[in-house]
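**Student:** Requesting a structural model of the entry that follows:
(one chain, ligands or ions: 1)
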Amino acid sequence: MSESPSPVDHPVAEPFFQAAAEGRLVVQHCNSCDALRWPPLSGCPECRSRDTTWVEVAPAGTIWSFVVYHRAFSRSLKDQIPYTVAMVQLDEGPYLVGRLVEGKKPPKVGDRVDAEFLEVGGVSTVRWRIA
Ligand SMILES: [Zn+2]
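**Tutor:** Okay, the predicted model is just below:
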């Protein structure tokens, strides 16, 4: 387990984090079958095509599910427990997992969320805030 978890684990994901540094949310688009996908893959799971571009999507979605961590995933998160991680379905369809910033009320499935862009451990990434 690393001291500081980096969300960048493969070069195929780099465009996502580059866009996040610019305050934009992007996902992969299959140029063969038009499927949008996340997480990034070198090939399309729908049609096997490797003809892919990155497209900007609206930085908003709906909570599909969430979990509250009562044990830290890494030592760097120890001071933040309990913290919430949500599976968000983007308005364009793909699902993204990310930290959820707690609002005044506890989160619930179906809540609308907006993306926020921030730097964690030198890496630009996305977290979610209830709209
Ligand atoms: Zn495809």
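**Student:** near the ion, which residues of the protein?
**Tutor:** Residues of the chain that fall close to the ion, judged by C-beta under 5 Å from the ion: 30, 32-33, 35, 44, 46-47, 49. Heads up, the C-betas are built off the backbone N, CA and C, glycines and all.
**Student:** Any of those residues buried? List them.
**Tutor:** 30, 35, 44 (16 or more other C-beta atoms under 10 Å).
**Student:** In strands only, show me the residues you listed.
**Tutor:** Cys30 (DSSP state E).
**Student:** can I get the buried ones among the residues of the chain next to the ion in JSON lines with pLDDT and distance to Gly103?
**Tutor:** Shown next, in JSON lines, are those (pLDDT from 0 to 100; distance: C-beta to C-beta, whole Å):
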{"residue": "Cys30", "pLDDT": "98", "distance to Gly103": "35"}
{"residue": "Ala35", "pLDDT": "97", "distance to Gly103": "32"}
{"residue": "Cys44", "pLDDT": "96", "distance to Gly103": "36"}
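**Student:** Out of the buried ones among the residues of the chain next to the ion, the closest to Ile130 would be?
**Tutor:** Closest approach to Ile130 among those (C-beta to C-beta): Ala35, at 28.3 Å.
**Student:** how far away is the closest one from Val97?
**Tutor:** Ala35 sits 19 Å away from Val97, going by C-beta to C-beta, to the nearest Å.
**Student:** which residues does the residue lying closest to Gly43 once chain neighbours are set aside contact?
**Tutor:** In this structure, Gly43 finds its nearest non-sequential neighbour in Arg50, 4.9 Å apart by C-beta to C-beta, 6 or more residues apart in numbering. With contact set as C-beta atoms under 8 Å, 6 or more residues apart in numbering, Arg50 has these partners: 42-44.
**Student:** for those, which one is nearest the ion?
**Tutor:** Nearest to the ion among these: Cys44, at 3.1 Å, using C-beta to the ion.
**Student:** quick one, what contacts the residue nearest to that closest one when sequence neighbours are not counted?
**Tutor:** In space, and not counting its chain neighbours, Cys44 is closest to Cys30: 4.0 Å by C-beta to C-beta, 6+ apart. The contact partners of Cys30, taken as C-beta under 8 Å, 6+ apart, are 36-37, 44, 46-47, 49, 51-52.
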